[in-house]
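> Whatever this is, show me its structure:
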Amino acid sequence: MDNFLLPKVSSVLNRDVKQFGKKFMFDGDEETCWNSDQGSPQWILVEFTEEVCPEEIQLQFQGGFVGKDCWLEGSSGDGDLTRFMDFYPEDVNSVQRFTVKEAPSVKRLRIVFPTSTDFFGRVTVYKLDIIGTSI
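Below you'll find the model as predicted:
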């Protein structure tokens, strides 16, 4: 989906946004990525320009820096985010697809990585795609 504002993230490794910033999840370059700093939880918050119904989340992590026991939260406006789906990525480098079942319509969507396969809690994402329909 292209109808979102540049997302917010929990942190950037060493605050080095020029090398590890959030924009790199969406640039289509296999060499660039968002890399969080250490600590848990980490998250990505996407705000859409209109309400959407997410159908699939596609994530490509760097193996060894993968979010574990993750979940999605959403809200239809500026209110509190509500958890509505859990998902469990594998510790691999390939693109992983997660079908969103019975998703609410949302204007804001947060992907939460409460823990990581990395001892220090870092998460590295090379690609994030959100597939869905506008409401």
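> where does Gln19 fall, helix, sheet strand or coil?
helix (DSSP: H, G, I helix; E, B strand; the rest coil).
> Next one: it, what pLDDT does it get?
Predicted confidence (pLDDT) for Gln19: 95.
> In this protein, where is pLDDT below threshold?
1-2 (pLDDT under 70).
> Enumerate the positions of the strand ranked longest in it that are buried.
Taking DSSP state E as the criterion, the chain has its longest strand at strand 42-61. For strand 42-61, a neighbour-count test (16 or more other C-beta atoms under 10 Å) marks 42-48, 52, 54, 57, 59-61 as buried. (C-beta placed from N, C-alpha, C; glycine too.)
> Spit out the contact partners of the residue lying closest to Lys68 once chain neighbours are set aside.
If you skip the residues right next to it in sequence, Lys68 has Thr115 as its closest partner in space, 4.6 Å away by C-beta to C-beta, 6 or more residues apart in numbering. Contacts for Thr115 were tallied using C-beta atoms under 8 Å, 6 or more residues apart in numbering; they are Ser40, Pro41, Gly67, Lys68, Asp69, Gly121.
> How much space separates Thr115 from Ala103?
Distance of Thr115 to Ala103, computed by C-beta to C-beta, to the nearest Å: 24 Å.
> who wins for neighbours among the contacts of Thr115?
Ranked by the number of neighbours (other C-beta atoms under 10 Å), the contacts of Thr115 place Gly67 first, at 30 neighbours.
> Quickly list what that one is bridged to.
On the basis of DSSP bridges, Gly67 takes part in beta bridges with Ser116.
> Using PDB, write out every CA atom in the longest strand of the chain.
Extracted in PDB, the C-alpha atoms of strand 42-61 (Å, rounded to 0.1, in the frame of the first residue of the first chain):
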ATOM      1  CA  GLN A  42      10.900  -2.500  19.300                       C
ATOM      2  CA  TRP A  43       8.100  -1.400  17.000                       C
ATOM      3  CA  ILE A  44       7.000   0.200  13.600                       C
ATOM      4  CA  LEU A  45       4.000   2.500  13.500                       C
ATOM      5  CA  VAL A  46       2.400   3.200  10.200                       C
ATOM      6  CA  GLU A  47      -0.200   5.900   9.800                       C
ATOM      7  CA  PHE A  48      -2.400   5.700   6.700                       C
ATOM      8  CA  THR A  49      -4.000   8.700   4.800                       C
ATOM      9  CA  GLU A  50      -7.400   6.900   5.000                       C
ATOM     10  CA  GLU A  51      -8.800   3.900   6.800                       C
ATOM     11  CA  VAL A  52      -7.600   0.500   5.400                       C
ATOM     12  CA  CYS A  53      -8.200  -3.100   6.000                       C
ATOM     13  CA  PRO A  54      -4.800  -4.900   6.200                       C
ATOM     14  CA  GLU A  55      -4.800  -8.400   4.600                       C
ATOM     15  CA  GLU A  56      -1.200  -9.400   4.600                       C
ATOM     16  CA  ILE A  57       2.100  -8.200   6.200                       C
ATOM     17  CA  GLN A  58       5.300  -9.000   4.400                       C
ATOM     18  CA  LEU A  59       8.600  -8.700   6.400                       C
ATOM     19  CA  GLN A  60      12.100  -9.400   5.500                       C
ATOM     20  CA  PHE A  61      14.500  -9.600   8.500                       C
END
